[in-house]
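Undergrad: Let me see the structure of the following:
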Amino acid sequence: MTDTRSHRRLPRQAGRPGSRGRTAKLLDLEGFRRLLRLEVDRAGGQSAWSRKTGVDRPHLSRVLNAHAEPGPTLINALGLEKVIAYRHRK
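TA: The predicted structure follows:
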């Protein structure tokens, strides 16, 4: 990555191991649900994904339908981690 103002090399930002220099993307809850829905669909449905990952199917359904927030088992099954961030108010 190059800074166009001074043409000096900027350090590569850290991403997940194996991410080949890409930065880790933060997801909001809706982004999390979109990713979860994609993975569930790829697996062939909620029951198949639950069997594959060991996540409780009723909890999976509640999260997908916005009736519950994801728990640690579901977060881990997607290879994600929960982080808390703070920023200055606009």
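
Undergrad: Going by C-alpha atoms from here, please, whenever you check contacts or count neighbours.
TA: Will do.

Undergrad: Contacts for the helix or strand Leu74 falls within next, please.
TA: Using DSSP states H and E, Leu74 falls within helix 72-77. With C-alpha atoms under 8 Å, 6 or more residues apart in numbering as the test, helix 72-77 has contacts from 53, 55, 60, 81-82.

Undergrad: 6 Å - rerun?
TA: Residues outside helix 72-77 that contact it (C-alpha atoms under 6 Å, 6 or more residues apart in numbering): Val55.

Undergrad: tell me the average confidence for it?
TA: Helix 72-77 carries an average pLDDT of 96.

Undergrad: mind exporting that helix as CSV, just the C-alpha atoms?
TA: These are the backbone C-alpha positions of helix 72-77, laid out as CSV (Å, rounded to 0.1, in the frame of the first residue of the first chain):
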residue,chain,number,x,y,z
PRO,A,72,-20.5,-18.0,21.4
THR,A,73,-21.0,-21.4,19.8
LEU,A,74,-22.7,-19.9,16.7
ILE,A,75,-20.1,-17.1,16.5
ASN,A,76,-17.2,-19.7,16.7
ALA,A,77,-18.9,-21.9,14.1
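
Undergrad: and it, how far out from the chain's middle?
TA: Distance of helix 72-77 from the chain centroid (C-alpha atoms, centre = their mean, to the nearest Å) equals 10 Å.
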